[in-house]
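>>> fold the following for me, if possible:
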Amino acid sequence: MRRIWLNIHLWLGLGFALLLVPISISGALLVWHDHLDAILNPSRYAVTHGQSMPPSALLASAGRSLGNGFEPIVVRLPEGAGWPATVMAREQRRGEGGGRPRLVTVYLDPPTARVLGTAEFRNSLIGFLHRFHENLTIPEYSGRAIVGWVGVGMLVLSLSGIYLWWPRNGAFMRGLQWRRGPATSFNLHHMAGFWIAIPLAVVSLTGVYLGFPQQSRELLGSVAPMTPQQRGGGFNPGFSR
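Model prediction:
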């Protein structure tokens, strides 16, 4: 049985590596998306010091900058000193052919409500990373489902890795020893793999849920009550920190 799972673990790792690596890198970069954006676009983060203007003033300033045709969705107040406030706005009318409405982010200096810059989310590097991590930028070719199946493969890799790591005689402490085999790479894989297996399994499980949202909700709904999923409808400006 261990030999079967060893082969599954090996070939799944090799087969999914081409997609696992870039998806993992994009997810890691998105953890620090604000800091990454600040490095790439420092002018949007050139804020002054002082108390932040109220959300209504930030909304008004962003509205004047965008003009007609955009509807504010979310006002994001600065997380701390040195960070801008942002207003996310959506195009009110769809483009030609019923395409997706544009989504624009306005960066503002909190103490003065001065516009520091405007960016269209889908055309930014952060927007690209989001789309790649979500659907490999190919939603028309079932990109979300592909990412979901990669999550399934990573979940199997994590759980099978724990099974293969576990010592044959059940001695847990022996499994924590460095020397499990003659090769350094083998020992390193055993040691590092054990410590990341559980977090990786949790991340993989959430990725599977996001890759197959409808099927996941139906599965969870069979064992626990789920809140109805909202569809469509308008947006009221929200506020977040």
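>>> so what's residue 103 up against?
The contact partners of residue 103, taken as Cβ atoms under 8 Å, 6 or more residues apart in numbering, are 88-91, 120-122. For the C-beta atoms, the positions are set from N, CA and C on the backbone; glycine is no exception.
>>> typo on my end, residue 30
Residue 30 makes contacts with 126, 129-130, 133, as judged by Cβ under 8 Å, 6+ apart.
>>> next one, pLDDT for the residue lying farthest from the centre of the chain please.
Residue farthest from the centre of the chain, counting by Cα atoms, centre = their mean, is residue 169 at 39.8 Å. pLDDT for residue 169: 74.
>>> quick check: it is in a helix.
No. The assignment for residue 169 by DSSP: H, G, I helix; E, B strand; the rest coil gives coil, which leaves it out of any helix.
>>> longest helix anywhere in this protein?
The residue-count maximum for a helix in the chain (DSSP state H) belongs to helix 2-31.
>>> so how far is residue 181 from the closest residue to residue 38 other than its chain neighbours?
Excluding the flanking residues, the one nearest residue 38 by Cβ to Cβ, 6 or more residues apart in numbering is residue 45, at 4.5 Å. Between residue 45 and residue 181 the computed distance is 49 Å (Cβ to Cβ, to the nearest Å).
>>> out of the two, which sits in the more crowded spot?
Taking other Cβ atoms under 10 Å, residue 45 and residue 181 do not tie; residue 45 has more neighbours (18 against 10).
>>> got the contact list for that one?
Residues near residue 45 by Cβ under 8 Å, 6+ apart: 37-38, 82-84, 107, 116.
>>> one more time with 10 Å, if that's ok
34-35, 37-39, 82-84, 107, 109, 116-117 (Cβ atoms under 10 Å, 6 or more residues apart in numbering).
>>> make a markdown table out of the residues you listed and add neighbour count.
Below are these laid out as a markdown table (neighbours: other Cβ atoms under 10 Å):
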| residue | neighbour count |
| --- | --- |
| 34 | 13 |
| 35 | 11 |
| 37 | 18 |
| 38 | 16 |
| 39 | 9 |
| 82 | 13 |
| 83 | 16 |
| 84 | 25 |
| 107 | 24 |
| 109 | 23 |
| 116 | 18 |
| 117 | 17 |
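>>> just the helices from this structure, written as ranges.
Using DSSP H, the helices assigned to the chain run over residues 2-31, 33-40, 55-66, 125-135, 143-165, 172-175, 184-211, 213-221.
>>> so for the first one, mean pLDDT?
Averaging the model's pLDDT scores along helix 2-31 yields 90.
>>> the shortest one too?
Across helix 172-175, the average pLDDT comes to 72.
>>> begin at 15 from here
Sounds good: first residue 15 from here, last item helix 186-189.
>>> distance check, the residue nearest to residue 52 against residue 115.
Distance of residue 59 to residue 115, computed by Cβ to Cβ: 26 Å.
>>> over to residue 46?
According to Cβ to Cβ, residue 46 stands 28 Å off from residue 115.
>>> neighbour count winner among those two?
residue 115 (15 against 11).
>>> unless I'm mixing things up, that one is touching residue 135, no?
No. Contact status for residue 115 versus residue 135: not in contact, 11.2 Å apart, counting by Cβ atoms under 10 Å.
>>> shared neighbours, the two?
Jointly contacting residue 115 and residue 135 under the rule Cβ under 10 Å, 6+ apart are residue 104.
>>> show me the domain layout of the chain.
Using automatic domain parsing, the domain ranges for the chain come out as 16-45+152-235, 55-135.
>>> how long is the shortest one end to end?
With Cα to Cα, to the nearest Å as the measure, domain 55-135 spans 13 Å from end to end.
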